[in-house]
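*Asks:* Below are the sequence and a predicted model for it; my questions follow.
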Amino acid sequence: MILTLAVSGLEVLKWIGYILVALFCLMLMVVLHELGHYTFGKIFKFKINEFAIGFGPKIFSKTNKKTGEVFSIRPFPFGGFCAFGGEDEESKDPHDFNNRPIWQRIIVLFAGAGFNFLSAFIVITIFFSAYGEYFPVVGEVYQHVEYVDEENYQIIEDSQQLLKGDVILSVNGKNAYSLLEYNRLSELISDTDDNVKVVVLRSGEKITLDIQKHYYLSYTDSGEKDENGDKVLVENVSKNKGLGMALGSFSAQKLSFGKALGHGATFGYDVLRVTGKSLKQLFSGSVSISQSMGGTATAIFSLAQLVQAGLPAIIYGFCILSVSIGIMNVMPLPALDGARIVFAIIEGIRRKPINRKIEGTVHFVGLIVLLALAILLDLLHFFG
């Protein structure tokens, strides 16, 4: 009993540690985001009232006597802000936000997401070069078959060229990295003709295989046992042609700096593409909201799960979430940078701003709605 309680207590302490590391990673992303606004605000000589880390009442603050800028730390580590003078009101100070040129405002607004994208690009490029990108490893291989008639088939001897443990690097010239998108390999295979060129890493050597797609034979556990107590296996023939393999795990393969640089540049697009697929699945009803979306608590819990997997998983998760935060913030939703950019563009087209009070109200209401939505999504994720 005492031992069980001690083990349980140790697990709780471990998870507290995981969550604290996840919170640190999240706050680092937020600080980088706000630092983007701050940096370009300083470049363009915007008036900055405060740079805050966290929300809630101030627990620490320091005022720059020369500029009047306040740096503060607040107790709730779920965000932060860079407060510019005259953001949601009329003013006469030429350095206030709404009195600066529109193009400068747009750059300052986009700079937050830009710093998220840039930091993810730098970190993931170093990661791919120093540690490696993840490629799928062949777990099991199955015999290829061909149909004699509609019901009967025969095994094609010596047709299987893949071996258990092969690391699949590319399919028909397209990289097969799959950790970000688990089904990427299956999609690459299904999108090809019957003839597939597969590059694998086998015992440290790159080998190019020309494989003919076939139906294949696999075995599943029927849940029953024979008279000797052994499992009874059921034969299954695939409904679609494929390579006749099951994915085992992933293997980290270092990329040359040039390839790491190129893949780092497309990493943000990959995250955007996967996000788009998730939204498409959500609206089509193939996945539930609780499976595909979440709020701040969900993000922290997901990061905490990666923390226990080790540093490589933390870095990978950090970069994915950093890009996701950047994408989220440039969406044209009230209270987000994307909506403020839209208002600035409209002002440029109309040659006069929309009433500042109306814009301020839109962003305030939008913020309340977004906070409520984040809480609802977290509740659905954990309890739905």
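*Replies:* Received it, and whenever you're ready, just let me know what you need.
*Asks:* What score does residue 286 have for pLDDT?
*Replies:* Predicted confidence (pLDDT) for residue 286: 62.
*Asks:* same thing with residue 290?
*Replies:* On the pLDDT scale, residue 290 gets 58.
*Asks:* who's in contact with stretch 295-314?
*Replies:* 14-15, 17-19, 21-23, 25-26, 78, 127, 131, 252, 294, 316-318, 321, 373-378, 381-382 (CB atoms under 8 Å, 6 or more residues apart in numbering). To be clear about C-beta, it is placed using only N, CA and C from the backbone, and glycine gets the same treatment.
*Asks:* List the buried residues of the longest strand seen in the chain.
*Replies:* For the chain, the longest strand by residue count, based on DSSP state E, is strand 215-225. By 16 or more other CB atoms under 10 Å, the buried positions in strand 215-225 come out as 215-218.
*Asks:* helices and strands around the helix or strand harbouring residue 381, which ones?
*Replies:* Residue 381 belongs to helix 356-383 when assigned by DSSP states H and E. Using 3 or more CB pairs under 8 Å, 6 or more residues apart in numbering; DSSP states H and E, the elements in contact with helix 356-383 are helix 289-292, helix 296-307, helix 337-350.
*Asks:* what's the angle from the longest one to helix 356-383?
*Replies:* Note on geometry: by axes from the mean of the first three to the mean of the last three CA atoms, to 10 degrees, helix 337-350 and helix 356-383 are set 150 degrees apart in direction.
*Asks:* Give me the buried positions along stretch 236-251.
*Replies:* Here stretch 236-251 shows 241-245, 247, 250-251 as buried, counting by 16+ other CB under 10 Å.
*Asks:* Quote the end-to-end distance of that stretch.
*Replies:* 28 Å (CA to CA, to the nearest Å).
*Asks:* List the buried residues for stretch 119-135?
*Replies:* 119-121, 123-125, 127-129, 131-135.
*Asks:* need these in TSV with distance to residue 150, pLDDT and secondary structure, can you?
*Replies:* Formatted as TSV, these follow (distance: CB to CB, whole Å; pLDDT from 0 to 100; DSSP: H, G, I helix; E, B strand; the rest coil):
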residue	distance to residue 150	pLDDT	secondary structure
119	57	94	helix
120	52	93	helix
121	53	94	helix
123	54	94	helix
124	50	93	helix
125	53	94	helix
127	51	93	helix
128	48	92	helix
129	52	93	helix
131	50	90	coil
132	46	89	coil
133	43	89	strand
134	41	88	strand
135	38	90	strand
